[in-house]
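A.B. asks: Below: sequence and its predicted model.
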Amino acid sequence: MSKRLIAAASALALSLVAGAASAQDFQALARQDLQAAHDALAANHPAVAVPGEASNTFRSWVDAGLAEALGQVGRVNSGDAHAYLMRFYATGFRDSNIRMEPTFEGMGPFFATSWPGFTTGWRDGKYVVTYVKPGVRGTPPVGSVVTECNLRPIEEYARDRLDGWEGDLNTEAGRITTAPYLLWNRNNPFSGSVPSVCSFQQGNRRAREFEIKVQPIVAGDIEA
């Protein structure tokens, strides 16, 4: 995006509000907020009026992304789910100046409802095991590279699970910040829980399949 578009877009970081309500209320709120965000961006973002490659992503996503997000509103069941869906729409613009974050206190960066007892990181273009909780058995060794999960290539699996929901996987920063969530259950109704099986490779050895055994969260586990 050109400097002119970036400068103008920087004023369009959007906020959303959600209080205690039923799943139906959150779904209605999500529809309302998605439409409001769309309308504000369509009316005010400079890319709407500026032709050319720099604005192509915005113009192709502003309507198509709204339709895709609205198609998933039926799965919104909480304030956090509402926030996930708003983030998905915002991230689809692939513009770091467009953000939609809740004004209420939601999940922190170390929140999870369950995990496999180990964590992954983004290293040299690959998802790598970076930490294994002491005492947890049947896990891949630290340094192992994740090659697939649930019989899907890891890039495809990561895109569905993380991209848009946790961050922008088209950026290196997005890869790094979202990598720990690859195998955590973050209570996102749009991306599922912990996978059942993944394959890991050490060095030049053949990839080995591991059953992913869900572990309960103990305070401090995933902040290690």
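C.D. replies: Looks like it came in fine.
A.B. asks: which stretch of helix or strand covers residue 175?
C.D. replies: For residue 175, the element it lies in under DSSP states H and E is helix 172-178.
A.B. asks: which strands and helices sit next to that helix?
C.D. replies: The contact analysis (3 or more C-beta pairs under 8 Å, 6 or more residues apart in numbering; DSSP states H and E) places helix 172-178 against strand 118-123. Heads up, the C-betas are built off the backbone N, CA and C, glycines and all.
A.B. asks: Can you give the distance from the strand it packs on to the centre of its chain?
C.D. replies: Centre-to-centre, strand 118-123 and its host chain are 15 Å apart (C-alpha atoms, centre = their mean, to the nearest Å).
A.B. asks: Following the chain past it, name the next helix or strand.
C.D. replies: strand 126-132.
A.B. asks: and that next one with strand 118-123, angle?
C.D. replies: 140 degrees (axes from the mean of the first three to the mean of the last three C-alpha atoms, to 10 degrees).
A.B. asks: Name the residues of strand 126-132 that are buried.
C.D. replies: Applying a neighbour-count criterion of 16 or more other C-beta atoms under 10 Å, the buried positions in strand 126-132 are 127-130, 132.
A.B. asks: Could you look up the next helix or strand downstream of it?
C.D. replies: Following strand 126-132 in sequence order, the next helix or strand is strand 145-149 (DSSP H and E).
A.B. asks: which residues touch the helix holding residue 175?
C.D. replies: The contact list for helix 172-178 (C-beta atoms under 8 Å, 6 or more residues apart in numbering) reads 121-122, 162-163, 166-169.
A.B. asks: could I get these as JSON lines with pLDDT, distance to residue 50 and neighbour count?
C.D. replies: Output for the contacts of helix 172-178, formatted as JSON lines (pLDDT from 0 to 100; distance: C-beta to C-beta, whole Å; neighbours: other C-beta atoms under 10 Å):
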{"residue": "121", "pLDDT": "98", "distance to residue 50": "38", "neighbour count": "15"}
{"residue": "122", "pLDDT": "98", "distance to residue 50": "33", "neighbour count": "21"}
{"residue": "162", "pLDDT": "98", "distance to residue 50": "31", "neighbour count": "22"}
{"residue": "163", "pLDDT": "98", "distance to residue 50": "26", "neighbour count": "19"}
{"residue": "166", "pLDDT": "96", "distance to residue 50": "30", "neighbour count": "25"}
{"residue": "167", "pLDDT": "96", "distance to residue 50": "26", "neighbour count": "19"}
{"residue": "168", "pLDDT": "98", "distance to residue 50": "22", "neighbour count": "22"}
{"residue": "169", "pLDDT": "98", "distance to residue 50": "26", "neighbour count": "19"}
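A.B. asks: Mind checking which of these are in helices?
C.D. replies: Within the contacts of helix 172-178, membership in helices is found for residue 162, as judged by DSSP state H.
A.B. asks: Please enumerate residues in contact with the longest helix that the chain contains?
C.D. replies: For the chain, the longest helix by residue count, based on DSSP H, is helix 23-44. Outside helix 23-44, the residues within contact range by C-beta under 8 Å, 6+ apart are 12, 14, 16, 18, 21, 48, 58, 62-63, 66, 69-70, 73-74, 76-79, 81-82, 85-86, 89-90, 93, 98, 100.
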